[in-house]
Structure formats: C-alpha cells, structure tokens
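**Student:** my questions concern the predicted model and sequence given below.
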Amino acid sequence: ASELRYPPGKIAVIGAGIGGTSAAYFLRQKFGKDVRIDLFEKGTVGGRLATINVEGKDYEAGGAIIHPLNLHMKHFAKELGLSVPENRHGLLGIYNGDEFVFEESSWYIINILKLLWHYGFSPLRMNMWVEDILDKFMRIYRYQSHDYSFSSTEGLLHALGGNDFIQMLNRTIDETMQKAGFSQKFIYEVVTPIMRVNYCQGANINGFVGAVSLAGADSGLWSVKGGNKLVCTGLLYASKAQLISGTVISIEERMRPKRTGGTVKLYEVSYNSASGSATDMYDIVLIATPLNRKMSNITFRNFNPPLAQFSGRYHQMVATFVHGRINASFFGYKDPSRFHLAGIFTTENPNLFIHSIGVVSPVQNTHEEVKQPMGPAVWKVFSKEPLTKEQMNLLFSSYDSVKEKKWLAYPHYSLPNKCPPIILHDRIYYLNGIEWAASAMEMSAVAAKNAALLSYHRWYGNVDMIDQEDLNEKLKTEL
Ligand SMILES: Cc1cc2nc3c(=O)[nH]c(=O)nc-3n(C[C@H](O)[C@H](O)[C@H](O)COP(=O)(O)OP(=O)(O)OC[C@H]3O[C@@H](n4cnc5c(N)ncnc54)[C@H](O)[C@@H]3O)c2cc1C
Ligand SMILES: CC(C)=CCC/C(C)=C/CC/C(C)=C/CSC[C@H](N)C(=O)O
C-alpha cells in the first residue's frame, strides 16, 4: 500500500442514481478538491429516482418516500437547500380479494379500538420492534462520522445489530416475526400487505428488508419538493464531478509507465457515448449500478471479480398512473358514495392482479389536500404485470389518461441471502450489493459513504479504519 500514498488523480463512478451521486459527493469530501471525479450515466441522472408527467403535473414514478430518520437523505436535502414539505395521506384499507380486512377511519380513537379489536397489541409491539431495529441501524451514522468503513455488507450489518441482524438476513420476515411472537393473522393481514406495497413481494423476503419495509409504513415520511431526483442533480453539482453521458462497457486493469520511472496499475474504462466509443484511465472505480446483464452489462477484462454466484435477478414491477375515478364496486362497495379510501393495500391472493392502489399528489405540490377519492384523481397502481384494458375497466369506472412505467425495481429476494462483495478488485468497489440486504435510497447513500471511506483508507493504507470490531462499545467512551 505504501506505493499508493500520493493522492489519486482520477476516480470513475459508474451510475448517477442516488448511490453514484452521493458517492461522488463523499469522494470529494474525502479526497479533496484536486482529484478528478468522472460520473458515467447511460440514462438520466437520478436512475430509479424519476418523475412521470400526467396531465401536465409530475409524480414520483420510482423512489417516493423517505424516512424521518434517514439522516443522509435529510442532510442532502438541507445542504442542497431543497424544501421538504410534510406529506399528508388519506385513509387506508387492506383488501383480501373478497372484502376489506381493515379500513382506517378518520377518527383516531376509532382506529385504535379497531386495531385493538382485530390484532390486540400487535401493532404497538410492531412499532416498538421496528424502532429497536432502527435504533441499531442508526449506529451507522456515528461510525461513518468517525470515518470507519466496512469491507463487506454483512460486516457492516454485524457492526450495527450483531448476530441478530445477520440472522434477519437469513430468515424470512414471516419467520422472523413469528419468532418474535407475532400471530400469523397479523403477519398475513398487516405485514404482508406492507411488503407487497413496498417491495412487490410477499412475507418470504428477508427479515432485514422486511423491517425496512415496515419502517416505510411509519409516520412522518417525506419527499423532496420538485422530485427526489433533485437530490441527485444537486449532489452531482456539489461534488464538482464531471458527468459523462455514456454507457460503460468494460473495465480492464492495465500497467502504465510512470513519468518518474516504474509502472502504475490503472483501470481502463471503455464506454459508448453519442460521439462514439472511448476509453479513459482511472486509479479507483466505484460501481453504483446493479451488476447484472439486464441492468448494466459491464464486463471485466484481465480479472474475474468474485461475482459469479450473483447472477442477481431484479424483480419486475409496474407503476401505472391513471387519471380517473376508481370503481368502488370492484372492491365490494355496494354504495360507492360511502367509499372514502385514498389507498388500498392487498393481502396475498392469486386472484388479485394489483399489489396496491393509491391517490398521489404532484411533486410540485406535496402540500395539496388529498382529493375526495370518488372524484377524479391521479391513482398510482403497483402490479407485477402491465394492466390489461379489462383490468383497467374493472379498477376504474372512468379514466382519461394512463401512463405506465416498468421497473426492474429491487432484488428478487429469496433465501439463502448472501450479499455480493464490496471489493471487486484492488481498487474497484461495488455499492449495490447492499440492496440484497435492503433496497432503499438511504441504503444506497450508506453504501456510497462506506465505499468512499473504504477506498480512501485502502488507498492510504489506514487499516485501522476498516472492519473494526466492537465499534459501538469503542465509540461510547469517545463522547
Ligand atoms: C417504483 C420504485 C419505488 C421505490 N420506492 C422507494 C421509496 O419510496 N423509498 C426508498 O427509499 N426507496 C424506494 N425505491 C428504491 C430506490 O429507488 C432505490 O433503492 C435507489 O434509488 C437505488 O439507487 P442507486 O443509485 O443505487 O441505483 P439506480 O438508481 O438504479 O442508479 C444506477 C444508475 O446507473 C446507470 N447505469 C447502469 N448501467 C450503466 C452503465 N453500464 N454505464 C453507465 N451508467 C449505467 C443507470 O442508468 C442508473 O441511472 C423504489 C424503487 C422503485 C423502482
Ligand atoms: C433504510 C431505512 C432504515 C428506512 C427506509 C424506510 C423506507 C422509506 C422504506 C421504503 C422502501 C421502499 C422500497 C418503498 C417502495 S414503495 C413506496 C410507496 N409506497 C410508493 O407508493 O411509491
């Protein structure tokens, strides 16, 4: 490592989603103003943070909600001067294909009594259970503010929540919650619908992503006025990285002669852009896009990164935006005027062709009152497959515009769950392995800061800042 003690000249980041743009921001903080940072993007800055236009207004089509304790996202929004209005949401119902197993009332006290009646103290216990996991998760901010880094996702999670977190990765949320004493009815009627709306998968996803998903049903969730993708464009600007609009095709290690004699190992990044094919050389490379053929298709030459077992399939889901009137009778309402829900979650039922449906507000105006659900509104429908005309006619009594966005949205979670490595080669780092623990904006930001710190410490040989044991205990005494 000692031969590398001079500062790096050039760093490449591949992918300008929240992972890549926050990596560029953290790399700039760590490596200083002189390093050149090139950020490659084949599509649009923001990646899975994107908006869709419906009748002249923009709506979040990808990553939509942010937790109040997602401190990196909070810091970015504050630092970039983005406004964060409080989101209001309307009433929710949980539908099982035949009837509503739960319907929210506009009276707080009625909701409490209904929840107690249906599920006893399980909802309260679940809140406490998720809060405990979040408390442990939040240790990452302390570790990262002291510059500590981890060379594997499992190591990072272990430093936060010990063996419990590792066990959650290797059990389904169903099994994890059953072991924690939650009833099958509660898991089926409450937990599973939350998994379905957030990850379009059922209660067989791993316990850690399951807990993140439950956190995504907490109160106080927020989003950025104008669209969450503004965080990415803001970070790109703040990092002073150079955006290269092009598709990275391959990365190859090469030996280059140094001006002062001897040789240096660099990575040659080959890419296609509107002006043709090109290559450039880098000291360090960060990959901030899922590595699989359908999503990034990057090949490695002269070396084999330890990725073979991660052919990592991503889960298809479709977000359909419909401006129209919902057909309440499809959901069993004999008198549609009594329908008052602004969001419907669903239980696992093979006859159901949607995961969820809910009224959405435009990104420019998140303060807008939730409209009367029976009037015309913009509804966001999540489903596994695109909706057919017949299905649209079942869901809506009338509609005048439809926009559809197909995503390879998140990893297809199944057990056993092993996260891909972070270190792919000497100075190549992979951020998106963290998605196999849980995919969320904050997770990408955590992975980005970790990769920036890890690449810095490995460059300068600061081995004491990598994979330190018992950090929680050590930092308690360092107040
Ligand atoms: C519909 C949907 C809803 C979601 N809702 C939420 C939510 O409410 N809250 C939440 O926290 N998270 C949510 N998520 C998850 C969240 O959006 C993602 O976890 C996060 O945005 C991933 O960011 P990323 O930068 O790691 O990856 P991406 O955003 O996928 O960025 C990767 C970028 O790399 C680019 N790229 C790929 N290959 C190449 C190449 N070869 N060369 C150059 N560029 C390349 C891509 O074009 C892309 O822009 C949602 C996701 C989806 C799809
Ligand atoms: C990472 C931590 C600790 C918390 C994140 C909690 C969170 C915001 C989870 C949401 C995850 C997610 C992938 C949601 C997708 S769907 C969102 C929403 N229902 C929509 O309608 O778009």
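**Tutor:** Sure, I can see it. Ligands and ions are numbered 1, 2, ... in the order given.
**Student:** if I look at the residue lying farthest from the centre of the chain, how far off is ligand 2?
**Tutor:** Largest separation from the mean C-alpha position in the chain: residue 261, at 45.5 Å (Cα atoms, centre = their mean). Residue 261 sits at a distance of 49 Å from ligand 2 (criterion: Cβ to the nearest ligand atom, to the nearest Å). (Each C-beta comes from the backbone N, C-alpha and C, glycine too.)
**Student:** one more: residue 165?
**Tutor:** Residue 165 is 12 Å from ligand 2, by Cβ to the nearest ligand atom.
**Student:** residue 415 too?
**Tutor:** Distance, residue 415 to ligand 2, by Cβ to the nearest ligand atom: 19 Å.
**Student:** doesn't that residue lie inside a helix?
**Tutor:** No. Residue 415 is assigned coil when assessed by DSSP: H, G, I helix; E, B strand; the rest coil, not a helix.
**Student:** tell me how many other residues crowd it.
**Tutor:** When neighbours are defined as other Cβ atoms under 10 Å, residue 415 has 14 of them.
**Student:** residue 168 versus that one, what's the distance?
**Tutor:** Taking Cβ to Cβ, to the nearest Å as the measure, residue 415 falls 11 Å from residue 168.
**Student:** with residue 471 instead?
**Tutor:** 19 Å.
**Student:** those two: which is more packed in?
**Tutor:** Legend: neighbour count by other Cβ under 10 Å for residue 471 and residue 168, higher for residue 168 (24 against 18).
**Student:** wait, what's in contact with the closest residue to that one other than its chain neighbours?
**Tutor:** Spatial nearest neighbour of residue 168, chain neighbours left out: residue 207 (3.4 Å); criterion: Cβ to Cβ, 6 or more residues apart in numbering. By Cβ atoms under 8 Å, 6 or more residues apart in numbering, residue 207 lies in contact with 167, 168, 169, 171, 172, 173, 175, 176, 177.
**Student:** is it true that residue 42 touches residue 243?
**Tutor:** No. Using Cβ atoms under 8 Å, residue 42 makes no contact with residue 243, being 11.5 Å away.
**Student:** more neighbours: which of the two?
**Tutor:** residue 42 (20 against 16).
**Student:** which bits of the chain sit near ligand 2?
**Tutor:** 64-67, 70, 134, 137, 197-199, 212-213, 215-216, 380, 439-440, 442-443 (Cβ under 6 Å from any ligand atom).
**Student:** on that earlier part again, narrow the contacts of residue 207 to those in helices?
**Tutor:** Members of the contacts of residue 207 lying in helices (criterion: DSSP state H): 167, 168, 169, 173, 175, 176, 177.
**Student:** contact partners for the residue of the stretch 51-200 of the chain found nearest ligand 1?
**Tutor:** At 2.8 Å from ligand 1, residue 63 is the closest residue in the stretch 51-200 of the chain, using Cβ to the nearest ligand atom. By Cβ under 8 Å, 6+ apart, residue 63 lies in contact with 18, 48, 49, 228, 440, 441.
**Student:** can you put those residues in a markdown table and add neighbour count and secondary structure?
**Tutor:** Formatted as a markdown table, those follow (neighbours: other Cβ atoms under 10 Å; DSSP: H, G, I helix; E, B strand; the rest coil):
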| residue | neighbour count | secondary structure |
| --- | --- | --- |
| 18 | 30 | helix |
| 48 | 21 | coil |
| 49 | 26 | coil |
| 228 | 27 | coil |
| 440 | 26 | coil |
| 441 | 26 | helix |
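**Student:** any chance of CSV for those, columns distance to ligand 1?
**Tutor:** Listed next are these as CSV, based on distance: Cβ to the nearest ligand atom, whole Å:
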residue, distance to ligand 1
18, 5
48, 4
49, 5
228, 8
440, 3
441, 4
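**Student:** can you list these in JSON lines and add pLDDT?
**Tutor:** Formatted as JSON lines, the contacts of residue 63 follow (pLDDT from 0 to 100):
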{"residue": "18", "pLDDT": "98"}
{"residue": "48", "pLDDT": "98"}
{"residue": "49", "pLDDT": "98"}
{"residue": "228", "pLDDT": "98"}
{"residue": "440", "pLDDT": "98"}
{"residue": "441", "pLDDT": "98"}
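**Student:** ligand 1 contacts on the stretch 101-250 of the chain?
**Tutor:** 247, 248.
**Student:** just for the stretch 1-150 of the chain, where's the confidence low?
**Tutor:** For the stretch 1-150 of the chain, applying pLDDT under 70 flags the ranges 1-4, 86-88.
**Student:** and the strands in it, which stretches?
**Tutor:** Along the stretch 1-150 of the chain, counting by DSSP state E, counting those that start in this stretch, strands occupy 10-14, 36-41, 51-54, 57-60, 91-95, 100-103.
**Student:** residue ranges with poor pLDDT in the stretch 251-400 of the chain?
**Tutor:** Along the stretch 251-400 of the chain, the parts satisfying pLDDT under 70 run over 308-311, 366-374.
**Student:** how about the strands of it, start to end?
**Tutor:** Using DSSP E, counting those that start in this stretch, the strands of the stretch 251-400 of the chain run over 263-273, 276-282, 284-287, 299-301, 314-326, 341-346, 356-359, 377-383, 396-411.
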